[in-house]
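Q: A structural model of the following input is requested.
(one chain, ligands or ions: 1)
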Amino acid sequence: MREKVTVPAIQARKCGPKIKMVTAYDAPSARIADRAGADMILVGDTLAHVVLGYDDTLPATVDVMIHHTAAVARAKPGALIVGDMPWLSYHVSVEEAVRNAGRFIREGRAECVKLEGGRKRLAVIEAILAAEIPVMGHLGLTPQSIHVMGGYRVQGKRAEAARELVTDAHALVAAGVFAIVLEGVPDVLAQIVTQEVPVPTIGIAGPHCDGQVLVYHDVLGLYDGRVPKFVRQYAHLANVATEALQGFFADVQAGTFPSDAESYHMDEESARTLRILMRNEE
Ligand code: KIV
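A: Numbering: from 1, shown residues only. Take a look at the predicted model:
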């Protein structure tokens, strides 16, 4: 049994060792991530995309996210469970945001929440923190802003935009976030933010962040399709799974599955009696 990773333990990792975060969306994937040594499991709204088959993360709702967060929590991982607040769950009002964050903790059994955005989220972050819920920030390419960004585009490529992002990072820290995800920004900008802020940065943003995060299905090659530049696939489990199922179907067709050892049996006497009963009923 692993020692439980806590928010203060993550904060203390600013000076290393590097933080390992991966997404997971159900109990088996959470168990695998935990056994592999994840420090944090993010129940990301990417589930809308990689699990539910949508083209983006916007269709994820609070109910769906909590359903999956609770499944991850039932695996009882040693890793810190991060609940990802979906689009519109913290945009309408501060009150609604706190209530939704609370649902992640009470119903989903998350141990903190993550939300996207910079200075415009300060009031929401402060209110959620005032309800004793730790908050992780998320800056740069924020997928919930896909329509404002005009697609999934690298952010902060120009000096002025990069300067704005650094200001956002400082503002999030002043509001009290315990860590910041930096997604889709140039490595130099991630390096500067990482040097500037006292909380850990978790990247999809080059090697200089205090930690790294990838989507479970991307790391394991669990679906076909285009793999983004920032992904390193460590396995091609979609191929492995397809071959395994082809083996099953071939055995079914050949009549070699199930074998005697894979079937349930009745004692001889009961089998004989059953046959007599059936014959008498004819
Ligand atoms: O939802 C998610 O999986 C994320 C990560 C990609 C950081 O936000």
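
Q: show me where the stretch 101-250 of the chain has strands.
A: Ranges of strands in the stretch 101-250 of the chain, per DSSP state E, counting those that start in this stretch, are 112-114, 135-140, 179-183, 201-204, 211-214.

Q: which strands and helices sit next to the fourth one?
A: When contacts are defined as 3 or more C-beta pairs under 8 Å, 6 or more residues apart in numbering; DSSP states H and E, strand 201-204 packs onto strand 179-183, helix 187-196, strand 211-214. C-beta here means a position set from N, CA and C on the backbone, and glycine is covered the same way.

Q: Could you single out the most deeply buried of the ones you listed?
A: strand 179-183 (a mean of 27; mean count of other C-beta atoms under 10 Å).

Q: can you give me the angle that strand makes with helix 187-196?
A: If you take axes from the mean of the first three to the mean of the last three C-alpha atoms, to 10 degrees, strand 179-183 sits at 170 degrees to helix 187-196.

Q: Quick one: check strand 179-183 for contact with the ligand.
A: Yes - applying C-beta under 6 Å from any ligand atom, one finds strand 179-183 in contact with the ligand at V181, E183.

Q: Please name the strands paired to that strand in the sheet, noting orientation.
A: Its sheet considered, strand 179-183 pairs with strand 135-140 (parallel), strand 201-204 (parallel) by DSSP bridges.

Q: what's the average pLDDT for the last one?
A: In other words, strand 201-204. For strand 201-204, the mean pLDDT works out to 97.

Q: and that strand, how far from the chain's centre?
A: In terms of C-alpha atoms, centre = their mean, to the nearest Å, the centre of strand 201-204 is found 14 Å from the chain centre.

Q: Identify all contacting residues around it.
A: Contacts to strand 201-204, defined as C-beta atoms under 8 Å, 6 or more residues apart in numbering, come from residues 19, 21, 40, 136, 141, 179-184, 190, 193-194, 209-214, 230.

Q: Okay, H236 and the ligand: tell me how far apart.
A: Going from H236 to the ligand by C-beta to the nearest ligand atom, to the nearest Å gives 20 Å.

Q: Which pLDDT value belongs to the residue nearest to that residue when sequence neighbours are not counted?
A: Nearest non-adjacent residue to H236, counting by C-beta to C-beta, 6 or more residues apart in numbering: G221, 3.9 Å away. Reported pLDDT at G221 in the predicted model: 97.

Q: for A261, same thing?
A: 98.

Q: Can you classify it as helix, strand or coil?
A: Assigned with DSSP: H, G, I helix; E, B strand; the rest coil, A261 falls in the coil class.

Q: and it, how many neighbours does it have?
A: 6 (other C-beta atoms under 10 Å).

Q: Show me the domain layout of the chain.
A: According to automatic domain parsing, the chain comprises the domains 7-235, 240-281.

Q: returning to that earlier point: I'd like the strands of the stretch 101-250 of the chain written out as a markdown table, with distance to P77 added.
A: Output for the strands of the stretch 101-250 of the chain, formatted as a markdown table (distance: least, C-beta to C-beta, whole Å):
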| stretch | distance to P77 |
| --- | --- |
| strand 112-114 | 14 |
| strand 135-140 | 16 |
| strand 179-183 | 17 |
| strand 201-204 | 17 |
| strand 211-214 | 15 |
